[in-house]
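Colleague: Predicted model follows, preceded by the sequence.
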Protein chains: 2
Amino acid sequence: MSNEKIPYKIYLEESELPKQWYNVRADMKKKPAPLLNPGTGKPVTPEELGVVFCDELVKQELNETDAYIDIPEEIQSFYRMYRPSPLVRAYCLEKALGTPAKIYYKFEGNNTSGSHKLNSAIAQAYYAKKQGLKGVTTETGAGQWGTALSMACSYFGLDCQVYMVKVSYEQKPFRREVMRTYGASVTPSPSMTTEVGKKILAEFPDTNGSLGCAISEAVEAAVSKEGYRYVLGSVLSQVLLHQTVIGLETKAAMDKYGIKPDMIIGCAGGGSNLGGLVSPFIGEKLRGEADYQVIAVEPASCPSLTRGVYAYDFCDTGKVCPLAKMYTLGSGFMPSPNHAGGLRYHGMSSILSELYDQGLMEARSVEQTAVFEAAEKFARVEGILPAPESSHAIRVAIDEALKCKETGEEKTILFGLTGTGYFDMYAYAAYNDGKMSDYIPTDEELAKSIATLPKVE
Amino acid sequence: MSNEKIPYKIYLEESELPKQWYNVRADMKKKPAPLLNPGTGKPVTPEELGVVFCDELVKQELNETDAYIDIPEEIQSFYRMYRPSPLVRAYCLEKALGTPAKIYYKFEGNNTSGSHKLNSAIAQAYYAKKQGLKGVTTETGAGQWGTALSMACSYFGLDCQVYMVKVSYEQKPFRREVMRTYGASVTPSPSMTTEVGKKILAEFPDTNGSLGCAISEAVEAAVSKEGYRYVLGSVLSQVLLHQTVIGLETKAAMDKYGIKPDMIIGCAGGGSNLGGLVSPFIGEKLRGEADYQVIAVEPASCPSLTRGVYAYDFCDTGKVCPLAKMYTLGSGFMPSPNHAGGLRYHGMSSILSELYDQGLMEARSVEQTAVFEAAEKFARVEGILPAPESSHAIRVAIDEALKCKETGEEKTILFGLTGTGYFDMYAYAAYNDGKMSDYIPTDEELAKSIATLPKVE
């Protein structure tokens, strides 16, 4: 089909939406390393995980064999309220760059949570409700996940308790209000409502909080209350599973128009968006059916894939969660204070870590002023104000399109536009005022936090 | 076609998008009253208007005969970046209300400006560019229009100068930053950059500003600079014309599925959204082809249709604009300080005023706590966080759906969901904290501001 016929936005019909999630682990010969019980050093059992997570989600977390898992009708019904998300041909960006490359992006920001996070939030809330639970607890950093979960819980009538990293709680009062509007309770973390929070506050009374610390508090809150479980918006294999609706829709839309991407680019914090976008494509690579260049983009200030080590580490600061084998900077790592936006987790999804280790995926790190420069360029020509996180992928997509301009190659570039930046105007203001700076951690700093890794045989 | 087959969201194909705007004045036997020159009391000439507005827009403003006006290809191309907007079947809201009514809404918030305002902004920027102008000036209150215009100007490489009502400038720093990100300059109004601003500041040094005052400043800035014209986001007939893409898309989507609304509801400030949504339907009424109940919803604190008079009035506080015959509360009217959100203009589109006067449209006023109650209910079941302005229409749609529940009538209700509330979290916070109050102006207050109307024969 000629390019002239490709519309600006490809929307699938409702009947074409995915009815199953895709579990990439089923097609991996070498599977991701199992989660370990930090006490025994042995793989965690479903019973152990069941204390923290909903039963059905535990099954999904441990399922390495079923390639496809049915999406329950109730979740499909919710998906239909805001999905399909559009696959957009970036005609205006191509023109502004003067590139022969064909650029596509899958835009996940057209829902009130403002990002792809809702895809997993609704699934996790559904399984919690189905199990007869009263509510769930979680943490949120930039706030996208907390917003998505509060929307999902409101839909199913579940209580939603969000521990919000203190610095975000204070800098993003409007994010907090959105969550409250959807009925969630929001607590700045660290707080005095948990033992781990009290302990961290006693040691660091002036701390701004961190994602790892908020995770520890949310887990403690869940396990110490009757009828509650903990839910998480990234990193876990169950989350990547739910997020495959992104990649499945993208692939269906591209197949419909006979488009094959040469290159697939996504930003990577814990890996939920990237994993969801690329899984169906990586599946084809694993089965030898097709080849794609896959690029994970991370902040230079939090470079887990490009400068971390592949080892077992704690998932949270309080060390209450199972150990995961992943690319990590050490659970004590925190990005420098000038780091804006999300993508600040010290580790990475164990699925993506293993795929990266097997050479099925590349990684690049980018600095934040260059990211905001790309964000602003994109906003001005494509009209969408991107989230800082998503703009990491935009940066590399633009760089690759400019390379094509030099070489004359007509590559097809696909990237994930995970969300919008309406709640990130502090960061945009800093950029607009020329007050944004970059920071790359030194080798010594990274060595210090990596030295805190637990010893696992 | 049975209801079971109607999807959650109806998206038109690109080939089905409108290629012409619809000019409802062509089908009106009694036309809206002409704009008058405040100095001479005579209808303004194209030459007089050409000092303030772009030439092509002057033609559109004065065109009462052509029912359809071609949308230039460059504007259609921009529309394709964010249009069609979805026509949504509110299955979840219907279920939550337990109503037999069928509720549809046309959602215009899925673009970075967060509202329908972009539909006219891009048209006005296009004609300014085509005329070889350097830039445009405008005013903005809640900020949706200024954001839309800054996006449109950025796309065409035009300078964009926005006078932002001072209270909004201070309370909505993030709105301001979005405009700056798109390259606009934003000045709090009243300011010392214009004569009219200086005069108002001399008289009322502590004023929070008003829309009428910001209009006066923007007009002065445009006419006193070479290569600039003034643009306006509502009220004018040209704006209603551009906004008919909303109604034309809605009608095309409904026709495709054999849906006929019994009732069409929209919020009304200056009338841009309501006029755009209902024009094609009112056209059918005017031509005797169909009948619809059309309801304009306005804030009880700024009730131009329900409590104003139909008379010639100034469009702006500084009295520099032509006089328009409209339903008005007097150009000195200002909503009480507890009024949140937009819909705070003292007058109303002259087209809508005339249609209302002819009995082709009804009007209702609603109080803001009831509006936010509807907004929160809607957000929790439909997932979208609505703008306070749009929520006026939601309130009446819910009220009508609940009436159907009592009577058992299966009415088809259509309403316009003009935008999202991401930048209105101050107001949501007040509602969440139980600190929101209502205010209805007394008859004495209204009589006082209405007494300031100019004398026109």
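Modeller: Thanks, I have the structure now.

Colleague: ranges for the strands of the stretch 101-250 of chain A?
Modeller: A:102-107, A:135-140, A:159-165, A:185-189, A:228-230 (DSSP state E, counting those that start in this stretch).

Colleague: For the second one, which helices and strands make contact with it?
Modeller: This points to strand A:135-140. The contact analysis (3 or more CB pairs under 8 Å, 6 or more residues apart in numbering or on different chains; DSSP states H and E) places strand A:135-140 against helix A:118-130, helix A:144-156, strand A:159-165, helix A:211-223, strand A:228-230. For every residue, glycine as well, the C-beta is placed using N, CA and C.

Colleague: Out of the strands of the stretch 101-250 of chain A, which is the most enclosed?
Modeller: strand A:135-140 (a mean of 28; mean count of other CB atoms under 10 Å in any protein chain shown).

Colleague: Please find the angle between the direction vectors of that strand and helix A:118-130.
Modeller: Direction vectors for strand A:135-140 and helix A:118-130, defined by axes from the mean of the first three to the mean of the last three CA atoms, to 10 degrees, enclose an angle of 150 degrees.

Colleague: related to what we said a few turns ago, would you single out the least confident of the helices and strands packed on strand A:135-140?
Modeller: Across the helices and strands packed on strand A:135-140, helix A:211-223 has the smallest mean pLDDT, namely a mean of 92.

Colleague: what about it, distance to the chain center?
Modeller: 18 Å (CA atoms, centre = their mean, to the nearest Å).

Colleague: Run the angle between that helix and strand A:185-189 for me.
Modeller: Using the same axes, to 10 degrees: helix A:211-223 against strand A:185-189 is 130 degrees.

Colleague: Can you mark which positions in helix A:211-223 are buried?
Modeller: A:Leu211, A:Gly212, A:Cys213, A:Ala214, A:Ile215, A:Ser216, A:Glu217, A:Ala218, A:Val219, A:Glu220, A:Ala221, A:Ala222 (16 or more other CB atoms under 10 Å in any protein chain shown).

Colleague: do stretch A:199-209 as well
Modeller: For stretch A:199-209, by 16+ other CB under 10 Å, it's A:Ile200, A:Leu201, A:Thr207, A:Asn208, A:Gly209.

Colleague: and if you look at stretch A:189-197?
Modeller: A:Ser189, A:Pro190, A:Ser191, A:Thr194, A:Val196, A:Gly197.

Colleague: Pull the residues that contact it.
Modeller: With CB atoms under 8 Å, 6 or more residues apart in numbering or on different chains as the test, stretch A:189-197 has contacts from A:139, A:163-166, A:169, A:187, A:198, A:200-201, A:207, A:209, A:213-214, A:216-217, A:220-221, A:224, A:318, A:320.

Colleague: Equivalent analysis for stretch A:372-385, please.
Modeller: By CB under 8 Å, 6+ apart, stretch A:372-385 touches A:88, A:90, A:92-93, A:95-96, A:107, A:109, A:386, A:388, A:391, A:394-395, A:398, A:417, A:420-422, A:427-428, A:431, A:436, B:81-82, B:111-112, B:151, B:154-155, B:178, B:181-183.

Colleague: Show the buried residues in these.
Modeller: Neighbour counting with 16+ other CB under 10 Å marks A:88, A:90, A:92-93, A:96, A:107, A:109, A:386, A:388, A:391, A:394-395, A:398, A:417, A:420-422, A:427-428, A:431, A:436, B:81-82, B:111-112, B:151, B:154-155, B:178, B:181-183 as buried within those.

Colleague: Please list the members of those residues that lie in helices.
Modeller: A:92-93, A:96, A:388, A:391, A:394-395, A:398, A:427-428, A:431, B:81-82, B:151, B:154-155, B:178, B:181 (DSSP state H).

Colleague: neighbours of A:Thr45, just the number please.
Modeller: 12 (other CB atoms under 10 Å in any protein chain shown).

Colleague: For chain B, see how far away the closest residue to it other than its chain neighbours is.
Modeller: Nearest residue to A:Thr45, sequence neighbours excluded (CB to CB, 6 or more residues apart in numbering or on different chains): A:Asn37, at 7.9 Å. Going from A:Asn37 to chain B by CB to the nearest CB, to the nearest Å gives 38 Å.

Colleague: how close does A:Asn37 get to A:Ser331?
Modeller: Note on A:Asn37: its distance to A:Ser331, by CB to CB, to the nearest Å, is 16 Å.

Colleague: ok, now A:Cys404?
Modeller: The gap separating A:Cys404 from A:Ser331 is 40 Å, by CB to CB.

Colleague: Neighbour count: those two, which is higher?
Modeller: A:Ser331 (25 against 22).

Colleague: That one and A:Ala451 touch, don't they?
Modeller: No: in this structure, A:Ser331 is not within contact of A:Ala451 by CB atoms under 8 Å, at 11.5 Å.

Colleague: Need the nearest residue in space to the residue in the stretch 151-300 of chain A positioned nearest to chain B, chain neighbours excluded.
Modeller: Using CB to the nearest CB, the single residue of the stretch 151-300 of chain A nearest to chain B is A:Phe174, 3.7 Å away. Nearest residue to A:Phe174 in three dimensions, chain neighbours excluded: B:Met425, at 3.7 Å (CB to CB, 6+ apart).

Colleague: can you pull the pLDDT of the one you found?
Modeller: 90.

Colleague: Hmm, A:Lys172 and it touching each other?
Modeller: No: with contact defined as CB under 8 Å, B:Met425 does not reach A:Lys172; the gap is 9.7 Å.

Colleague: Neighbours of the closest residue to A:Asn110 other than its chain neighbours, how many?
Modeller: Excluding its sequence neighbours, the residue lying closest to A:Asn110 (CB to CB, 6+ apart) is B:Asn110, at 5.0 Å. B:Asn110: 20 surrounding residues under other CB under 10 Å.

Colleague: Quickly note the distance from B:Asn110 to A:Asn111.
Modeller: Using CB to CB, we find B:Asn110 at a distance of 9 Å from A:Asn111.

Colleague: same check, this time on A:Pro335
Modeller: 27 Å.

Colleague: okay, which residue is most central for chain A?
Modeller: With distances taken as CA atoms, centre = their mean, A:Ser272 lies nearest the centre of chain A, 3.3 Å away.

Colleague: Can you tell me how far that residue is from A:Tyr230?
Modeller: A:Ser272 is 16 Å from A:Tyr230, by CB to CB.

Colleague: And the closest residue in space to A:Leu323 that isn't next to it in sequence, how far from A:Phe314?
Modeller: Once flanking residues are discounted, A:Leu323 sits nearest to A:Leu36: 4.2 Å by CB to CB, 6+ apart. Separation of A:Leu36 from A:Phe314 (CB to CB): 10 Å.
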